[in-house]
Each structure stands twice: as structure tokens, then as C-alpha cells.
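Visitor: Here is a sequence together with a model predicted from it:
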There are 2 protein chains.
Amino acid sequence: MDKKVKIAIDLMGGENSPDKNLDGIELFIKRNKDLDDYFFYLFGNEDLINEKIKKKSLKNFKIFDTKIVVSDDLPALSALKKGKDSSMWKSIESQNSLDVDVSLSAGNTGVLLVMSKMILKTLEDVDKPALAGLWPNKKGMNVVLDLGANVNCSEKNLIDFSEMGAALYQSLFPNEKAKVALLNIGSEEIKGTELLKGTYAKLKKLDEMGDFKFYGYIEGNHITDGNCNVIVTDGFTGNVALKTAEGTANFLTDNLKQALSSNIVSKLSSALSYFALKKFKNKLDPRKYNGAIFLGLKGPVVKSHGSTDALGFSYSLDVCYKIAKGQMINKIKFNLGHIKNINNEQK
Amino acid sequence: MDKKVKIAIDLMGGENSPDKNLDGIELFIKRNKDLDDYFFYLFGNEDLINEKIKKKSLKNFKIFDTKIVVSDDLPALSALKKGKDSSMWKSIESQNSLDVDVSLSAGNTGVLLVMSKMILKTLEDVDKPALAGLWPNKKGMNVVLDLGANVNCSEKNLIDFSEMGAALYQSLFPNEKAKVALLNIGSEEIKGTELLKGTYAKLKKLDEMGDFKFYGYIEGNHITDGNCNVIVTDGFTGNVALKTAEGTANFLTDNLKQALSSNIVSKLSSALSYFALKKFKNKLDPRKYNGAIFLGLKGPVVKSHGSTDALGFSYSLDVCYKIAKGQMINKIKFNLGHIKNINNEQK
């Protein structure tokens, strides 16, 4: 029985592809020297790739020739017309045709989502797939969803997201318990929209099923506290929260840089504190938690940030490896079963 | 004719009151030495206040004795029962009884909002008052609203918020043009909820009326860019965005502090860069933009952060002075007239 984790990679998506993608694979291999239980299915222009990998030390891979590349700025519908021969399409399709475990692309998010839905189909009982991402906190890492796939959500959607987010979290961090929280504008039970109050009541019941601990509501200023690790919200709020956090982080670091280079004394001191600041940057490097995950399809698809570099791409490969190894899809199916039980109880 | 700006101050609200409040008034006076066109109506326990101000150099004030204090953790309804003799109630009421221009409190936000609505009433044509706040950007300061007063908003609400936010901005920054943007999850015209698309179309029309320039949609990561300065959103999204930004800022500065005190070299260097970092902290000090503003009532009410200190409280007095001096309420009424015109045109 072949127990290798099979990862399909779209080599042609994102900025500086396929170089960034291939360099990222090399970095993944170097960083995970002790692992050998994976195999890469690489999709892209075979001649180009063969030329590029001459000087690289890759292993455990096979190249699948594709000539079409999905453009970054093409609307989803146009991309789909000629997209069925693209590296993106073929890499997702390999989950059906080649029994691959997970697909990775740094290409156009909208197109990737539409293609993934078409090829893999939504899991039974899931109305809407969600986009989940990683978000650092004081004690480790949060999973946050939905980050923008669904602008309008129902109670059922948010409950699905909770179960799927918990399954994702436990695939990534097998030794930790998933602690789910609902993003709201207050922590008291009576706060927020009717949608949130209804969801709250049902999540309390699901807490008893043991898939996750339900933490209750969380406010935006506590996302990074680390008291919970799966943050659930609708795609509009999640997208605004994520981008606002990004903007705030950039604003602060820009101001910090300015302050540290404003005169000769501060320049000298920042040279001295180079290593301290490097440690700071290193710990919070967004490339280390690169990789958004489409949840709710019959197979997992990971989206690397289009503008990340090889290091960022390599970390999204870590995500792929872990969710395949952690049997995320089976965990999701198992968890979703509990929602059915809750609903039957109520009938 | 008395042209003094009359500011009513609840001295008993917030942490460390009335000391923080009185110290804040003193700081305001010191910082605005060249001004003398204001008068403070101070509400609180007169004996206590007289005792406290012995050693202070206050001027232009009169004390109004009140014995009741609105507790910080009381629900709004309970607070209202005995609240009509409180420093909070009396300070708002003085806008009606003593022709005061603006009221300031650092007390319980929920109670302050309910009391303000009861006493001052909502402006004609405004369905829902909003809570606006200041948010720094690369070029200066944004006004952001709603920050949590209204969880569910209609097109009409968001358009009111735009006009009121623009009036607030131009009272605070009389030499700048208000540039309004709608917070969304993409910048293209087709993105977002139906609510936002409808609002977008109407704001485009109002742009032609000249109260403000309509910038279009803005994403969370561009709030701090400074290309627009009035950011409009519903109270749920605004509250999540604000708190997420706060949380991100705290998370980053905590990590920075840790990095800079992790070993002897970095300790030495951070001592050297003390002044640079101080400048950084100074510029982004949240106390300097303390003060949320209730918009849409017949008089302006400013809410200082309950946990801020005297410096923070003094800056919320700056906000009070500017919106009274800038005739914000008249500006709002003028702007709201244009919404009527737009609606009549469409009939």
C-alpha cells in the first residue's frame, strides 16, 4: 500500500512562476530532510521546467506537461473557457484522475475557487465552501475563516465553517485541541446579530459532541490572544478583518523603519539591534503562514499568495503536507456528521 | 454676543475620575495657551472637585453639583432609572438647559448613547445616530464610522453616515477636503453586498453636490494609506475592523518589546534607540486620537475612552472644541439637505 502524501502543484501560477514555485519545492525538501513520504505531481510547461530544474536537487516528483496558463487578471468565466488544459485545472483534476491528496496553486484566487468547485464538487451537506487562513497569536497559530468566499452567510454556513475549521486546525496541529470562537462586537451572549445568536446556541450543543471546545464570542482585539484557535465569521467580516490587520501591521512597521533611520544615533542603534529586529521580523514573517485553504470540497485545495516568494511558497507546501497527512477531509466528514445529529435531535 | 465655545464635561465617568478628567482639562489649557474662547461646565460632586482643584490652574469654568454617578458596569436600563440626577445626564442636558455646545464623558458608552438620544433627540431625517472615531493614516487622520452603534444598516444609514462623517472631518480639519470611501472586500464596482452596491451608486451622485469627494470602495489594508479620510461602514464591520487593528498593533508592539529586551546587545541598542522609538510611540500614541463622536443627534456628544489617562482625556477636549468651533451640527444639517435633493430627483 502506497502511503505517500501526493501533492499536485500548479507550477505556472503567481508572480515569478515557475521559478518561485520550483525554488519553494527545493526549500521544502531541504527543511524537511527527515521526511520522505511525499510525492509531487508537477503541472506546467515540461520543457521549461526541465530546463529550470537542471541545477536543482529535487526528488520524488513527476512532471505533467500543460501548455495553458491561467492569467492572473482574467475574470473567472473567461479563464474557464480555455482553462481545461491549464496547469491549474490539471493539478486540481489530478485528485480525481491520479488519486492525488491535495492541490496547490499560487494563481488567480477566483478562478481557482471556481475550478475547484467544478472539479472536486462540494461535500455532501455543505452548502458553501469557505476560504480559511492562518493568523498568528501569542501562543501559536489561529485558523480563521471565512476570508472572503461567502459575503452572505447563514447559521448553517457558520456552523459548517466551525466544524471544518476545527478539522483543519487538528490536521495542522495534531497535538492541540481546537477551540472555536465566533467573531463578534462584544463577548456577552446577548451581543451581535440574530445570525450570531442563533449560531452561538447551536455551537454550544456541538461543543458537547467533542469535535472542538466552543469558546464563545471573540472581539477583534483578542484574535491574537491565543485563548482560542479557530475564529469563525462570514466572508465579508473575515476579509475586512484580515486586510485591516495586514494594513495595520504594514503601517506600524513602516513607521518603525522611519523612526529607526531618522538620524545617525538611531541608525547606529538599529544596526546594533539588527539581530533583535531580525528575530522580531522572523517570528512574524507572513511568509511563514502563507497558504489559504479551500474547505468544504471533496478534496483539499491550497492557495499560496500570488506575490509571495519561494520561502512563502515552501510554507504553503507544509500546509499541503500536513492536511493530507492529518486526513483533514476524513476529519471534516466525521465532524459534519455531528451537525446532522444536532439537527435530528431538534426535530 | 457670547462667542465662547461651551463644553460640558462629565467629571465622574471613566477610570480614575475625577482626577484624570481634571488633569486632562489642565493639560488642554496648557496646550492651548493661545486660546481663550472656551468655557467649561463641569458636572460632578462639587465638594470633591473643589478639594481636587485647589492646586490646579484651571480657568473659564463653573461647577455644577451632582451626587449620582453612572456606574461603568450597569446595564443602560438600570442606569437610566436613577440616572437623571447623574453627572452624565446633567452634562448632556446642559445643551438644552444652558445652551452648551458639546458634551464630553468618559463613562459607560451604552448608557451615554441612550441618554444622549433621550435628551438631545435624533436630527430630523436621520434614522440612526452613529459612533465615529479617529484613525491615523500616512498623511494625517481618518474619520471612521460606524464603530458599533448600529449592527444592521440600510443604504440610507450609510449615506447619512457619509454626510455626517464628512461634516465631522471638515470641522476637525477645516483646510482639508473630505474624501469618503465605503469599506468593502474589493475595489471594483461589482464587489460586495447588494447594500454596498446600492450605496455606491447614491454616493456617486452626492459627490456632485460637493459636500465631499467620493473615493469609491476601500479595502481594509488601505485604510491607513491616506488617499481618503472618511471611511464608512456598518457598525458591526466597523467595530470588528477597529478592534482588529488595535489587537494587531498591541500584538506587534509586544513582540517588538520582547525582541528588544531579549539579550544584552539588544538591550544596549534599544537604550540607544530610545529616542527613535519614543518618536515612533509618540506619533502613534492612541491617546492623541482619543474621543469617539456620536453623530446624528441635535447636539454633539464626545465619548472619551474610559481607560485613557489625563493626556488622552485632554485630546478628547480638543475634539469637543473643534467640532463646536467648526459648527459641525450646522454642517451636518446642510449636508443632509443634499440627500433629500437626491431622493427628490429620483422621484
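Guide: Ah, there it is.
Visitor: I'd like the next helix or strand past the helix or strand of chain A with the lowest mean pLDDT.
Guide: Least confident helix or strand, chain A: helix A:264-272 with a mean of 65, by mean pLDDT, DSSP states H and E. Next in sequence after helix A:264-272, counting helices and strands by DSSP states H and E, comes helix A:274-283.
Visitor: which is the next helix or strand following that next one?
Guide: Next helix or strand after helix A:274-283 toward the C-terminus (DSSP H and E): strand A:292-295.
Visitor: so how far is the next helix or strand after that next one from its chain's centroid?
Guide: Scanning forward in sequence from strand A:292-295 by DSSP H and E, the next helix or strand is strand A:301-303. Here strand A:301-303 is found 6 Å from its chain centre; the criterion is Cα atoms, centre = their mean, to the nearest Å.
Visitor: Kindly report the same for stretch A:177-189.
Guide: Counting by Cα atoms, centre = their mean, stretch A:177-189 is centred 21 Å from the centre of its parent chain.
Visitor: now the end-to-end length of it.
Guide: Terminal residues of stretch A:177-189 are spaced 23 Å apart (Cα to Cα, to the nearest Å).
Visitor: Give me the buried positions along that stretch.
Guide: For stretch A:177-189, burial by neighbour count (16 or more other Cβ atoms under 10 Å in any protein chain shown) applies to A:Ala178, A:Lys179, A:Val180, A:Ala181, A:Leu182, A:Leu183, A:Asn184, A:Ile185. For every residue, glycine as well, the C-beta is placed using N, CA and C.
Visitor: Tell me where chain A has strands.
Guide: Assigned strands in chain A, in chain order: A:5-10, A:38-44, A:61-65, A:102-105, A:130-137, A:140-145, A:179-183, A:213-218, A:230-232, A:292-295, A:301-303 (criterion: DSSP state E).
Visitor: Tabulate those strands (TSV), appending mean pLDDT and distance to chain B.
Guide: Converted to TSV, the strands of chain A look like this (pLDDT from 0 to 100; distance: least, Cβ to the nearest Cβ, whole Å):
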stretch	mean pLDDT	distance to chain B
strand A:5-10	98	23
strand A:38-44	98	28
strand A:61-65	97	33
strand A:102-105	98	20
strand A:130-137	95	8
strand A:140-145	96	10
strand A:179-183	98	6
strand A:213-218	96	10
strand A:230-232	98	10
strand A:292-295	96	14
strand A:301-303	97	16
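Visitor: Same list, those, but as JSON lines with distance to A:Ile119 please.
Guide: Shown next, in JSON lines, are these (distance: least, Cβ to Cβ, whole Å):
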{"stretch": "strand A:5-10", "distance to A:Ile119": "11"}
{"stretch": "strand A:38-44", "distance to A:Ile119": "13"}
{"stretch": "strand A:61-65", "distance to A:Ile119": "15"}
{"stretch": "strand A:102-105", "distance to A:Ile119": "9"}
{"stretch": "strand A:130-137", "distance to A:Ile119": "17"}
{"stretch": "strand A:140-145", "distance to A:Ile119": "21"}
{"stretch": "strand A:179-183", "distance to A:Ile119": "29"}
{"stretch": "strand A:213-218", "distance to A:Ile119": "33"}
{"stretch": "strand A:230-232", "distance to A:Ile119": "26"}
{"stretch": "strand A:292-295", "distance to A:Ile119": "11"}
{"stretch": "strand A:301-303", "distance to A:Ile119": "9"}
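Visitor: Count the neighbours of A:Asp254 for me.
Guide: 12 (other Cβ atoms under 10 Å in any protein chain shown).
Visitor: Do you know the pLDDT at the closest residue in space to it that isn't next to it in sequence?
Guide: Nearest residue to A:Asp254, sequence neighbours excluded (Cβ to Cβ, 6 or more residues apart in numbering or on different chains): B:Lys138, at 7.7 Å. pLDDT recorded at B:Lys138 is 94.
Visitor: Please list all residues in contact with the residue nearest to the spatial centre of chain A.
Guide: Central residue check for chain A by Cα atoms, centre = their mean: the C-alpha nearest the mean position is that of A:Ala292, 2.1 Å away. Going by Cβ atoms under 8 Å, 6 or more residues apart in numbering or on different chains, A:Ala292 touches A:Thr109, A:Leu131, A:Ala132, A:Gly133, A:Leu147, A:Val302, A:Lys303, A:His305.
Visitor: Can you pick out the most distant pair from the buried residues of stretch A:177-189?
Guide: A:Ala178 and A:Ile185 (23.4 Å; Cβ to Cβ).
Visitor: Who are the contact partners of the closest residue to A:Tyr38 other than its chain neighbours?
Guide: Closest residue to A:Tyr38 apart from its sequence neighbours, by Cβ to Cβ, 6+ apart: A:Val5 at 4.5 Å. A:Val5 makes contact with A:Asp37, A:Tyr38, A:Phe39, A:Asp101, A:Val102, A:Cys320, A:Tyr321, A:Ala324, A:Lys325, according to Cβ under 8 Å, 6+ apart.
Visitor: Look up how far A:Val143 lies from A:Val5.
Guide: From A:Val5 across to A:Val143, the span is 20 Å (Cβ to Cβ, to the nearest Å).
Visitor: Up against chain B, what does the stretch 51-200 of chain A have?
Guide: Contact residues, the stretch 51-200 of chain A versus chain B (Cβ under 8 Å from any Cβ of the partner chain): A:Pro136, A:Asn137, A:Lys138, A:Gly148, A:Val151, A:Asn152, A:Leu183, A:Ile185, A:Gly192, A:Thr193.
Visitor: for the residue in the stretch 51-200 of chain A positioned nearest to chain B, what are its contacts?
Guide: Closest residue of the stretch 51-200 of chain A to chain B, Cβ to the nearest Cβ: A:Ile185 (4.1 Å). Neighbour list for A:Ile185: A:Lys191, A:Gly192, A:Glu219, B:Gly148, B:Val151, B:Gly235, B:Phe236, B:Asn239, B:Val240, B:Lys243 [criterion: Cβ under 8 Å, 6+ apart].
Visitor: okay, now the residue nearest to A:Lys82 when sequence neighbours are not counted: neighbour count?
Guide: Leaving aside its sequence neighbours, A:Lys82 sits nearest to A:Ile68 (Cβ to Cβ, 6+ apart; 6.1 Å). By other Cβ under 10 Å, the residues close to A:Ile68 number 17.
Visitor: one step back: in JSON lines: the contacts of A:Ala292, plus neighbour count.
Guide: Below are the contacts of A:Ala292 laid out as JSON lines (neighbours: other Cβ atoms under 10 Å in any protein chain shown):
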{"residue": "A:Thr109", "neighbour count": "21"}
{"residue": "A:Leu131", "neighbour count": "25"}
{"residue": "A:Ala132", "neighbour count": "29"}
{"residue": "A:Gly133", "neighbour count": "22"}
{"residue": "A:Leu147", "neighbour count": "25"}
{"residue": "A:Val302", "neighbour count": "26"}
{"residue": "A:Lys303", "neighbour count": "28"}
{"residue": "A:His305", "neighbour count": "19"}
